[in-house]
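**Q** dropping the sequence and predicted coords here.
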Amino acid sequence: MVLAPIDAAVNESQSNCARSFSLRRLDLTDFRNFSRLRLETDSRPVVLVGKNGVGKTNILEAISCLSYGRGLRRARLFEMAKHTPKLEKKWAVAANIQGLYGLVSLGVGWSNNENLIESRNKRDFRVNGSSVNSHNTLNEHISIVWMTPAQDRLFSDSPSGRRHFIDQLVSAFDINHITRIKEFERGRRDRMRILRSNILDKNWLDAIEQGMAERAVAIAAGRLDIVSRLHDEVISIDSKFPCPGVGINGLVEDWLRDMPALNAEEMYKKQLAEDRSRDRETGGSVGPHLSDLTATFNREGVPASQASTGEQKAILIAILLAHSRLLAQLRGAPPIMLLDEVVAHLDSNRRESLFECLLKMGTQAWMTGTDLEFFSGLSNNARYLRVDKSTIKEE
C-alpha cells in the first residue's frame, strides 16, 4: 500500500527548513562496523533501511555522539571503536551542520593511544577544525533528541530508565543538568565514605551535605519544569497519538511543589543529618536519585505501565514530539531527531500521523527500519538509503 503525500505538512515544512538544525554531511572513521563512511544529505528526513545487524543504529549512534552524554546506547568509548587487530583503538565522527548561524563543522573522536587496559575516558571535540575543551561548545551549534527500541517498555521497566529519560529531556534545555547529577552522585559517594570512616569529620560532612542539597533541589526543579512544560505542550499536538498526562514523583520534587527552593534545601539537609546513622548501615540515602517519571495513557488517569507495548510507544512518541516542539520554541529551530525502529508497533494511521508531525515541524528526522514500505507515506519528502554490509546506496 502506498500512502498519499502529506501536502499540507510539506508546505509548512519547506517554510521551516531554513530555521532547522540539519546534518548535511557525515563522516565516520573506524566507528563500529564502518571503516570509512561519508553521507551527504539535505534538510529532508532520512530513512535508513536494511536487515537487522547491518549498521543502521550505528549511524544514529554516531550522530548522537555529537550531542551531550554517552550517545543513544550509553556505550563505553572503546566499545564504539571498530574491531581490528591493532592495539591502538580509535574512532572519529565529523559532520557539517546547518544551524541557526549557518554551516559549521563539528567533530568528536576518541583514541586509547597507549593500551587497552587503561583506555582514556576523554573525547576530543572540534568546532570548525579547532579543538574545544567542552562538549557544551558543540551543543551551541546542534540540537539532537532520540528514541530507541530499548525505550518501548519504558513505563513498565525500572525507574532508573525513566529517570535517565527525563534527565535526557531536561539536558536538552540545560546542559548543566547532567553536571549537577554527576556532582550530586559524587557528593553521595563522599558522604558515604565519611560515614563509614573511623574518624567522623562533622564540618566536612556538613559541607558535603550542603552541596548535595543545593544540587538536589536544582535537579528536582529542572525535572518539575520540563514535566510542567510537556504536560501543557502535549495537549496542543493534533495527531493520532495519545494525550498523556506526565508527572514526576520524588521527595525533593514534592517539597518544591509546596515551598520555596531555599526551604527545600534546608529540609533536605535536615533529612540527611537525621539519616546519617541509618545511611551508614544501609549504604543508601533519600534524594532525587530515587525519583520516578510517571505517565498516564490519557487524561483519565490510566497508568502508562498498564498499556500495551504499542500504546507505550505511542505515549513515548507523543512526549518526544512535544519536547521537540518546546526545543524549537526555545532555540528557534527544531532539533535533529534520531528515531530507531520508530515505526515498529505503529499502525498505518499512526505512522502517517507521525510523518505529518515531523514534516510540519520541519525537523530532519533520521529513521531506521527493515521494510521500506512502512515509510511510503513520506513519498519524495524524505531521502531513502539502504544499508548493507557496511555500505550504503540510494533507494
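**A** Received, thanks.
**Q** roughly how far is stretch 54-71 from the heart of the chain?
**A** Relative to the mean C-alpha coordinate of its chain, stretch 54-71 is positioned 11 Å out (C-alpha atoms, centre = their mean, to the nearest Å).
**Q** quick check: buried residues in it?
**A** Neighbour counts using 16 or more other C-beta atoms under 10 Å place 54-68, 71 of stretch 54-71 among the buried residues. Where you see a C-beta, it was placed from the backbone N, CA and C, and this is true even at glycine.
**Q** what's the end-to-end length of that stretch?
**A** This stretch, stretch 54-71, spans 19 Å end to end (C-alpha to C-alpha, to the nearest Å).
**Q** and what of stretch 147-166?
**A** 12 Å.
**Q** name the residues of it that come out as buried.
**A** Those would be Met147, Thr148, Gln151, Asp152, Arg153, Leu154, Phe155, Arg162, Arg163, His164, Phe165, Ile166, for stretch 147-166 by 16+ other C-beta under 10 Å.
**Q** and the two most separated of the buried residues of stretch 54-71?
**A** Greatest spacing in these, by C-beta to C-beta: Val54 and Tyr68 (27.5 Å).
**Q** where's stretch 161-168 relative to the chain centroid, distance-wise?
**A** Relative to its chain's centre, stretch 161-168 lies at 8 Å (C-alpha atoms, centre = their mean).
**Q** now do it, average pLDDT.
**A** Stretch 161-168 shows an average pLDDT of 95 in the prediction.
**Q** try stretch 253-273
**A** Rounded mean pLDDT across stretch 253-273 is 98.
**Q** where are the low-confidence patches of the stretch 101-250 of the chain?
**A** Residue ranges of the stretch 101-250 of the chain with pLDDT under 70: 114-121.
**Q** which stretches of it form helices?
**A** With DSSP state H, counting those that start in this stretch, the ranges of helices along the stretch 101-250 of the chain come out as 136-139, 159-173, 176-195, 202-233.
**Q** quick one: contacts for the closest residue to Arg196 other than its chain neighbours?
**A** With sequence-adjacent residues excluded and distances taken as C-beta to C-beta, 6 or more residues apart in numbering, Arg196 is closest to Arg280, at 6.0 Å. Applying C-beta atoms under 8 Å, 6 or more residues apart in numbering to Arg280 gives the contacts Met192, Leu195, Arg196.
**Q** what residues does the second one make contact with?
**A** Leu195 makes contacts with Leu205, Arg276, Asp279, Arg280, as judged by C-beta under 8 Å, 6+ apart.
**Q** okay, buried residues for the host helix or strand of Ala328 please.
**A** Element membership of Ala328, judged by DSSP states H and E, is helix 309-331. Residues 311-328, 331 are the ones in helix 309-331 that count as buried (16+ other C-beta under 10 Å).
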